[in-house]
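Trainee: Need a 3D model of the sequence below.
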Amino acid sequence: MHSGGLRIAVLRVGPVDADVVEHARAGLCRAFPGSACWALGEVLPVPQGAYNATRHQYHSSRILAEIGGLVEGSGEDRVLGVTAVDLYVPGLNFVFGEAQCPGAVAVISLFRLRPEFYGQPPDRPLLLERSAKEAVHEVGHTLGLGHCGNPRCVMLFSNNIQMTDMKGREFCEKCRSKLKSRTL
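Mentor: Numbers count the residues shown, from 1 in each chain. You can find the predicted model right below:
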């Protein structure tokens, strides 16, 4: 799909379980065939300047800026940050993730992907599935894809966890075609 071979690194932002990072990495490799996807060994501390004490959440754009500062000159085409803290952007109650669209960096949060957040028992396979979907979704944004109206497409906008669970892990034909038309 990507003639030049997209290079996607996954970066932990704060403490994040290695198996979640690995599942997100594997999901990216499936979604972007021919790409090199790997987990970075280092951990970026959660930027305390991103914390909003009134909301008890972290401003995702500030975390993106920190990730972007690390990426410049590193050799990766894209870096996806994975964090366990609750994220927001002004105007929304929360976000599952944010990305530069188009750009080089994205971030996802596991905070609201965990079934425990919704008063349900822990379900590791469900958390891993949700994290892989959101990872692919946000990296799709870095490649210039917008939200898709197809309810099965991974680029569907999820304003609640039910929408994340409903959408698929793959790009629909329309979004796949847009990706193929871009030279990387």
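Trainee: G49 in helix, strand or coil?
Mentor: What DSSP: H, G, I helix; E, B strand; the rest coil gives for G49 is helix.
Trainee: now it: how far from I63?
Mentor: Per C-beta to C-beta, to the nearest Å, G49 is found 10 Å from I63. All C-beta spots, glycine's among them, are computed from the backbone N, C-alpha and C.
Trainee: which residues are contacting stretch 28-41?
Mentor: For stretch 28-41, contacts defined as C-beta atoms under 8 Å, 6 or more residues apart in numbering pick out 1-3, 5-12, 18, 21-22, 25-26, 79-80, 132, 135-136, 139-140, 154, 169-171.
Trainee: OK, contacts around the residue positioned nearest the centre of the chain?
Mentor: With distances taken as C-alpha atoms, centre = their mean, A135 lies nearest the centre of the chain, 3.2 Å away. Shown in contact with A135 (C-beta under 8 Å, 6+ apart): 10, 24, 27-28, 80, 82, 108.
Trainee: the more surrounded of G49 and I63?
Mentor: Shown here are G49 and I63; by other C-beta atoms under 10 Å, I63 has more neighbours (25 against 11).
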